[in-house]
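> Got a predicted model here, sequence first, then my questions.
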Amino acid sequence: MRLYLEMSFFDQIDTANVPQHIAIIMDGNGRWAKSQGKERIFGHFNGVEAVRASVKAATKAGVKYLTLYAFSTENWNRPKEEVEALMNLLVHTIVQEIEELNKNEVRLHTIGDTQSLPASCQEELRRGMERTSGNTRLNLILALSYSARWELTEAIKKIISDQVKPQEVNDNLIHTYLTTKDYPDPELLIRTSGEKRISNFLLWQIAYAELHFTETLWPDFNEEDFYKAICDYQSRERRFGKTSEQLTSGDKLLTEKQ
Ligand code: FPP
């Protein structure tokens with residue numbers, strides 16, 4: 001008989017220092033399916049459970065923004081059947097989960113070139129965003145047909161067409177031209193499946209983010225894995241270019257607030 005209960009990573013989280021914004025590159029669905037002798041789409045179907053677990057864990061931990069890389073600009077190059085299946089899965093999941101999102105006070109948002117998505121997909125996303133627009137506990141941001149280079153290119157085009165003067169261009173101004181202008185930068189980026197790449201995701205916004213890589217394939221990623229990533233983040237010293245000695249308690253407070 002076990003005489004003690006294993007401590008959950010949730011109990012080890014410092015509640016005063018939870019990242020406000022966590023971004024996730026959900027990777028490994030195809031490999032997960034293949035390892036079971038199944039089609040890649042089977043991995044995507046099972047990936048939805050990991051999305052649910054992450055949303056639940058984020059609300060429980062007090063995270064305010066969760067951005068998921070659900071479909072990249074480059075993913076359009078996948079076989080037609082896989083792209084279609086992913087779009088159908090997305091529509092189906094939104095329709096199915098909307099009540100649950102409302103119950104948990106989760107507000108849905110999207111970033112990316114969503115106009116390139118099929119009309120049915122755009123319509124369900126619009127309805128989902130409208131129906132959850134009053135929720136404030138967690139902002140769930142789906143990156144769809146998104147890539148950071150696309151986003152930066154669009155921002156530059158808009159800055160030029162707005163005839164912004166060179167001396168007016170700075171970090172803050174650029175921030176207002178990004179698709180993420182309404183959200184703080186992520187403090188923590190998680191990537192599953194053992195790959196250690198950023199793959200064109202939020203390149204501007206993750207300038208100071210801590211990176212957490214896990215071998216776990218996305219369909220296996222669960223609440224505990226999410227809390228573990230937060231604990232890993234909290235074990236890091238965030239210096240923002242300063243030396244360790246220069247960090248004052250004020251900086252540490254700032255770190256906690258960011
Ligand atoms: C990466 O695995 C995963 C994707 C490109 C799609 C992620 C989509 C979901 C989890 C489904 C639903 C999402 C929402 C938000 C409802 P991969 O196919 O690149 O895996 P591999 O690297 O093993 O081939």
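Sure thing, it's come through. Numbering: from 1, shown residues only.

> need the strands for the chain, in chain order.
21-25, 65-72, 106-111, 138-146, 188-191, 210-213 (DSSP state E).

> Relative to T176, which of the ones you listed is closest?
Evaluated with Cβ to Cβ, those place strand 106-111 nearest to T176, the distance being 14.4 Å. Quick note: C-beta positions are derived from backbone N, CA and C, even for glycine.

> Any part of the closest one near the ligand?
No. Strand 106-111 is not in contact with the ligand by Cβ under 6 Å from any ligand atom; minimum separation 9.8 Å.

> Residues in contact with that strand: which ones?
Identification of contacts with strand 106-111 by Cβ atoms under 8 Å, 6 or more residues apart in numbering yields 55, 59, 67, 94, 101, 125, 128-129, 132-144, 146, 151, 179-180, 182.

> Pull out the CA atoms of stretch 177-195 and give them to me as CSV.
Taking Å, rounded to 0.1, in the frame of the first residue of the first chain, the C-alpha atoms of stretch 177-195 are listed here in CSV:
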residue,chain,number,x,y,z
TYR,A,177,0.2,46.6,-35.9
LEU,A,178,0.4,42.9,-34.9
THR,A,179,-2.5,40.5,-34.8
THR,A,180,-1.8,40.1,-31.1
LYS,A,181,-2.1,43.9,-30.3
ASP,A,182,-4.7,43.3,-27.7
TYR,A,183,-2.7,40.7,-25.8
PRO,A,184,0.4,40.8,-23.6
ASP,A,185,3.5,38.9,-24.9
PRO,A,186,3.7,35.3,-23.8
GLU,A,187,6.1,34.7,-21.0
LEU,A,188,6.2,30.9,-21.6
LEU,A,189,6.2,29.0,-24.9
ILE,A,190,5.7,25.2,-24.8
ARG,A,191,6.5,22.9,-27.7
THR,A,192,5.6,19.2,-27.5
SER,A,193,7.1,16.2,-29.3
GLY,A,194,10.8,16.8,-28.7
GLU,A,195,11.3,19.2,-31.6
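
> Give me every residue in the stretch 1-150 of the chain lying close to the ligand.
So the stretch 1-150 of the chain meets the ligand at 26-31, 40, 44, 47-48, 51, 68, 70, 75, 89-90, 93, 142 (Cβ under 6 Å from any ligand atom).

> distance between stretch 113-129 and the chain's centre?
18 Å (Cα atoms, centre = their mean, to the nearest Å).

> And the pLDDT at R238?
R238 is assigned 76 on the pLDDT scale.

> what about it, distance to T67?
19 Å (Cβ to Cβ, to the nearest Å).

> Then N88?
On the measure of Cβ to Cβ, N88 and T67 end up 22 Å apart.

> Neighbour count for those two, which is higher?
Applying other Cβ atoms under 10 Å to N88 and T67 shows that T67 carries more neighbours, namely 25 against 14.

> so how many other residues sit close to the nearest residue to E49 once chain neighbours are set aside?
Nearest residue to E49, sequence neighbours excluded (Cβ to Cβ, 6 or more residues apart in numbering): P219, at 6.8 Å. Look at P219: counted by other Cβ under 10 Å, it has 25 neighbours.

> State the pLDDT value of the closest residue to the ligand within the stretch 101-250 of the chain.
Distances between the stretch 101-250 of the chain and the ligand by Cβ to the nearest ligand atom are smallest at L142, namely 5.2 Å. Turning to L142, the model gives it a pLDDT of 98.

> show me the contacts for the residue nearest to S147 when sequence neighbours are not counted.
Distances taken as Cβ to Cβ, 6+ apart put T73 closest to S147, at 3.8 Å, once the chain neighbours are dropped. Contact partners of T73, counting by Cβ under 8 Å, 6+ apart, are 112-113, 145-147, 149-150, 200.
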